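Engineer: Sequence and predicted structure, then a few things I'm wondering about:
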Amino acid sequence: MSNDAATTAPPPRTADTPGPSPEPPAHGIGASLAAADTRAKTEGTFPYASDLWAEGLLWAALLRSPHPHARILSVDTSAARSMPGVHAVITHEDIPGDGAYGRRIADRPVFASEIVRHHGEAIAAVAADHPDTARLAAAAVTVEYEILDPVTDPEKAFAAEPLHPDGNLVRHIPLRYGDPDVTGEVIVEGLYRIGRQDPAPIGAEAGLAVPRPDGGVELYLASTDPHADRALAAACFGLEQERVKVVVTGVPGATGDREDPGFQLALGLLALKTGCPVKLTATREESFLGHAHRHPTLLRYRHHADAEGHLVKVEAQLLLDSGAYADASSESLAAAVAFACGPYVVPHAFIEGWAVRTNNPPSGHVRGEGAMQVCAAYEAQMDKLATKLGVDPAELRLRNVLATGDLLPTGQTVTCPAPVAELLRAVRDTPLPSLPKDTPEDDWLLPGGPEGAGEPGAVRRGVGYALGMVHMLGAEGTDEVSTATVKVHDGVATVICAAVETGSGFSTLARQIVQETLGIEDVRVAAVDTDQPPAGPAAHGRHTWVSGGAVERAAKMVRTQLLAPLAHQFGMSTELLQITDGKITSYDGVLSTTVTEAMEGKELWATAQCRPHPTEPLDESGQGDAFVGLAFCAIRAVVDVDIELGSVRVVEMAVAQDVGRVLNPAQLATRIEAGVTQGIGAALTENLRTARGLIRHPDLTGYALPTSLDAPDIRIVKLVEERDVVAPFGAKAASAVPVVTSPAAVASAVRAATGRPVNRLPIRPQAAVAAPKS
């Protein structure tokens with residue numbers, strides 16, 4: 001589920017803050033500053049890619065395979081080419097540059113040429129003068145297939161014939177930590193399955209390609225990583241990168257790699273072929289078929305503990321279904337293996353992780369990838385252990401939680417703040433919501449709602465806990481860097497940074513940083529394109545950290561330029577001057593002027609970079625300092641379950657989160673609430689179902705997103721502001737960790753209500769029917 005972060009939500013509610021909250025600042029860091037585009041989005045005037053137009057516009061359509069695995073015997077485009085209004089039909093034969101692409105591994109063809117490897121793989125593209133003509137022409141392309149048996153079970157991929165020239169194994173990570181012969185007095189085991197969650201952005205994929213006079217092309221896209229997309233496009237088109245420009249339009253929701261670059265490449269190829277602007281707007285079905293999904297995962301666990309419940313050893317096998325191509329599978333597997341034990345101290349850990357290719361839909365980066373799947377499993381194990389020992393589930397977790405200075409199973413020391421125990425105590429000690437009446441006045445308060453509600457007497461309440469963790473920024477040696485420029489002229493500051501606003505609130509944060517540093521209230525953020533220096537992808541909270549850090553450094557350089565003449569005039573250093581509420585004052589009160597007066601007649605600017613400390617890849621034993629920083633979350637879920645029908649209603653989610661520092665209270669609350677809601681979808685409703693590799697019901701009728709009626713009361717009971725000293729402002733990533741934690745919390749609560757093991761997500765009704773009494 002995708003959620004564009006609004007900025008009109010109330011500040012986070014905290015259970016440990018007595019009395020009225022202090023008045024927040026009107027601008028700068030700590031203010032609940034509204035996004036500059038709020039009104040335009042509310043009124044429907046904000047331009048997205050699907051709204052764009054150009055003179056002489058043609059429309060594109062793609063022909064996609066109806067089969068998950070097949071050999072292509074022939075492709076006949078003659079009927080499509082002869083249709084009136086059709087300007088071009090292209091296949092793999094029309095690609096002048098690299099025919100394969102991939103944001104991480106170039107293993108995916110732009111158009112299938114010999115083998116189709118998944119349902120919906122592109123085979124041809126058409127440009128025509130009307131969208132209906134384009135779709136009819138795409139349907140007129142005749143493809144002769146030899147149907148092949150699909151490999152859809154990832155466990156069978158190991159022994160199956162290679163589905164790809166690179167083989168079926170994308171990556172294997174064996175993690176070895178401690179003594180393999182150690183055993184615990186108490187052992188619990190479990191087998192868990194996590195389904196295929198779709199990012200389901202609010203707006204489907206769309207784009208516009210415009211040819212340039214120099215033989216290049218401009219791509220207007222809802223890109224989340226424009227410079228990476230430009231590099232892929234230039235390689236495919238056989239052009240120098242300077243002749244390809246990506247202009248970022250409004251992004252209608254993104255919780256990962258928003259869209260498959262393949263449609264962008266087809267769009268550009270058609271524009272270059274026809275010499276005309278070409279637009280493509282995907283249907284929701286095409287969107288489901290084209291972009292990447294969360295990795296379906298099979299997890300086997302064995303936990304060892306002593307008689308008091310202290311963890312001794314964790315053994316696990318993790319199998320990620322990459323689908324047809326590698327995409328982000330390597331990174332997802334690294335996160336899954338590294339966090340397979342959760343935010344707990346585990347002296348001995350032995351984890352085997354694999355990512356394999358199948359003929360299922362491609363998997364990729366979705367918020368909390370890898371970490372969400374293992375969180376659901378290790379928290380189920382903690383519940384099993386608590387039951388076997390007869391210990392309160394929250395207490396058992398408290399006996400094992402991680403803290404700053406402890407070691408991860410990868411051998412990396414946790415150097416950042418890790419207030420896991422404090423978070424868990426906060427949600428545990430929060431008062432529980434009141435119990436429902438025996439006969440609720442409103443049927444929708446019952447599990448299943450008005451049309452599916454059973455008898456009130458069959459409803460049981462459950463309370464469950466979960467602890468989650470994610471890494472921030474890239475991992476395993478990724479060079480994280482961002483560049484930003486701050487310009488000030490005529491009392492207006494402009495931020496130029498290629499960090500894409502995906503709903504994470506970066507554009508608002510950039511304005512707050514400059515307001516805080518320079519005392520200028522009117523701050524604007526320039527539109528993003530690839531003429532600007534790269535800022536990297538919008539993922540893992542990196543723009544808050546890396547791009548925000550670059551903006552802060554550039555703003556401080558401008559501040560020095562502004563204050564240096566005044567400091568020289570009064571014979572003092574710039575460190576003795578401060579800017580507050582648009583006024584410049586000295587420590588002794590001798591100097592007092594306004595920023596506006598000091599800026600009169602001047603144009604100042606500075607460019608700066610931010611690059612966090614380096615990381616390293618995991619070695620052959622799964623060891624290494626692979627992560628820049630970590631963020632943690634605790635959630636207590638309260639659910640009502642109809643134990644006869646198996647329907648579940650989430651009543652409340654109490655959240656305590658490790659945020660480092662609150663930069664924008666309203667924005668932070670919205671991001672946490674959106675993340676929790678996305679996690680509830682993964683727990684209860686969201687699963688892109690397939691049958692032998694074919695996607696069933698690729699639409700928003702068959703794929704059930706949680707609605708406002710499904711969203712529970714989300715109580716942010718505590719935000720721990722223990723600043724990470726290596727992060728700009730000390731802030732941490734906020735959106736991913738509640739997504740990771742909330743599915744496990746809901747499953748824990750359903751287990752408590754029903755006595756059933758609940759080992760599959762999303763939770764199916766038959767899994768929520770109460771266990772028979774012995």
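Structural biologist: That came in fine, so what should we check first? Owing to the predicted nature of the structure, the values given are computational and were not obtained by experimental measurement.

Engineer: List the buried residues in the lengthiest helix in the chain.
Structural biologist: Counting by DSSP state H, the longest helix found in the chain is helix 548-569. For helix 548-569, the neighbour count (16 or more other CB atoms under 10 Å) marks 548-559, 562-563, 566-567 as buried. Heads up, the C-betas are built off the backbone N, CA and C, glycines and all.

Engineer: Of the residues you listed, which is the nearest to residue 533?
Structural biologist: residue 550 (9.3 Å; CB to CB).

Engineer: Which residue would you name as the spatial centre of this protein?
Structural biologist: Against the mean C-alpha coordinate of the chain, by CA atoms, centre = their mean, the closest residue is residue 367 at 2.3 Å.

Engineer: could I have the next helix or strand after the longest helix of the chain exported to CSV, CA atoms only?
Structural biologist: Counting by DSSP states H and E, the element after helix 548-569 in chain order, helix or strand, is strand 577-580. Only the C-alpha atoms of strand 577-580 are listed here, as CSV (Å, rounded to 0.1, in the frame of the first residue of the first chain):
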residue,chain,number,x,y,z
LEU,A,577,26.9,35.6,15.6
GLN,A,578,23.6,33.8,15.5
ILE,A,579,20.5,34.0,13.3
THR,A,580,17.2,33.7,15.0
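
Engineer: Does strand 577-580 pack against any helices or strands, and if so which?
Structural biologist: On a contact count with 3 or more CB pairs under 8 Å, 6 or more residues apart in numbering; DSSP states H and E, strand 577-580 meets helix 548-569, strand 583-586.

Engineer: Comparing those by mean pLDDT, which bottoms out?
Structural biologist: When the helices and strands packed on strand 577-580 are compared by mean pLDDT, strand 583-586 comes last with a mean of 87.

Engineer: Next secondary structure after it?
Structural biologist: Toward the C-terminus from strand 583-586 - assigned by DSSP H and E - lies strand 592-594.

Engineer: So which bits of whichever helix or strand comes after that following strand are buried?
Structural biologist: Later in the chain than strand 592-594, the nearest helix or strand by DSSP H and E is helix 595-599. By neighbour count on 16+ other CB under 10 Å, the buried set for helix 595-599 is 595, 598, 599.

Engineer: Identify the residues contacting the first one.
Structural biologist: Going back to what we said before, that points to residue 595. Residues in contact with residue 595 (CB atoms under 8 Å, 6 or more residues apart in numbering) are 518, 519, 520, 562, 579, 582, 583, 584.

Engineer: Adding distance to residue 25, write the residues you listed out as TSV.
Structural biologist: Output for those, formatted as TSV (distance: CB to CB, whole Å):
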residue	distance to residue 25
518	15
519	12
520	15
562	21
579	14
582	13
583	15
584	18
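
Engineer: From those, list just the buried residues.
Structural biologist: 518, 519, 520, 562, 579, 584.

Engineer: Show me the contact partners of stretch 141-158.
Structural biologist: Contact with stretch 141-158 is made by 63, 65, 67-77, 79-80, 89, 115-116, 123-124, 126, 160, 163, 168-169, 296, 298, 319-321, 354, 356-360, 690, 692-693, as judged by CB under 8 Å, 6+ apart.

Engineer: Tell me which helix or strand the closest residue to residue 760 other than its chain neighbours sits in.
Structural biologist: Counting by CB to CB, 6 or more residues apart in numbering, the nearest residue to residue 760 once its immediate chain neighbours are dropped is residue 193, at 4.7 Å. Assigned by DSSP H and E, residue 193 falls within strand 186-194.

Engineer: Just the buried positions in that strand, please.
Structural biologist: Quick answer for strand 186-194 (16+ other CB under 10 Å): 186, 188, 190, 192, 194.

Engineer: starting at the chain centroid, how far to it?
Structural biologist: 27 Å (CA atoms, centre = their mean, to the nearest Å).

Engineer: still on that earlier bit, just the buried residues of helix 548-569 now: which is nearest residue 606?
Structural biologist: residue 557 (3.5 Å).

Engineer: and the gap between the closest one and residue 140?
Structural biologist: 59 Å (CB to CB, to the nearest Å).

Engineer: which residues does residue 65 contact?
Structural biologist: By CB under 8 Å, 6+ apart, residue 65 lies in contact with 112, 116, 118, 119, 120, 121, 122, 123, 143, 145.

Engineer: In strands, which of those residues appear?
Structural biologist: 116, 122, 123, 143, 145 (DSSP state E).

Engineer: What pLDDT is listed against the third one?
Structural biologist: With respect to pLDDT, residue 123 scores 97.

Engineer: Let me see the contact set for it.
Structural biologist: Each residue near residue 123 by CB under 8 Å, 6+ apart is listed here: 63, 64, 65, 72, 75, 91, 111, 112, 116, 141, 143.

Engineer: Okay, now the unreliable bits of the stretch 601-750 of the chain?
Structural biologist: Scanning the stretch 601-750 of the chain for pLDDT under 70 picks out no residues.

Engineer: Could you pull out the strands in it for me?
Structural biologist: 603-610, 627-642, 648-658, 690-691, 694-695, 713-720 (DSSP state E, counting those that start in this stretch).

Engineer: between the ones you listed, which gets nearest to residue 315?
Structural biologist: Each of these was scored for nearness to residue 315 using CB to CB, and the closest is strand 627-642 (22.5 Å).

Engineer: Now the closest residue to residue 151 other than its chain neighbours, what are its backbone angles?
Structural biologist: Among residues not flanking residue 151 along the chain, residue 160 sits closest, at 4.6 Å (CB to CB, 6+ apart). The phi and psi values for residue 160, taken as degrees, to the nearest 10, are phi -70, psi 160.

Engineer: ditto for residue 321
Structural biologist: Dihedral angles (degrees, to the nearest 10) for residue 321: phi -90, psi 110.

Engineer: How many residues are close by it?
Structural biologist: Counted with other CB atoms under 10 Å, residues neighbouring residue 321 total 27.

Engineer: how far away is it from residue 559?
Structural biologist: 51 Å.

Engineer: what number of residues lie near residue 487?
Structural biologist: 18.

Engineer: Where does pLDDT dip in the protein?
Structural biologist: Short version for the chain, where the test is pLDDT under 70: 1-24, 256-257, 436-444, 450-453, 772-774.

Engineer: can you rerun that using 80?
Structural biologist: 1-27, 103-104, 253-260, 436-446, 448-456, 589, 770-774 (pLDDT under 80).

Engineer: residues touching the residue nearest to residue 760, list them.
Structural biologist: Residue 193 touches 296, 297, 298, 299, 759, 760, 761, counting by CB under 8 Å, 6+ apart.

Engineer: what's the first one in contact with, if anything?
Structural biologist: Contacts for residue 296 were tallied using CB under 8 Å, 6+ apart; they are 154, 193, 194, 195, 196, 320, 321, 360, 363.

Engineer: how about those, which pair is most distant?
Structural biologist: 193 and 363, at 14.5 Å, using CB to CB across the contacts of residue 296.

Engineer: the strands in the stretch 351-500 of the chain, which residues?
Structural biologist: Going by DSSP E, counting those that start in this stretch, the stretch 351-500 of the chain shows strands at 459-475, 482-489, 492-497.

Engineer: hey, which of those strands is tucked in deepest?
Structural biologist: Mean neighbour count (mean count of other CB atoms under 10 Å) peaks for strand 459-475 among the strands of the stretch 351-500 of the chain, with a mean of 25.
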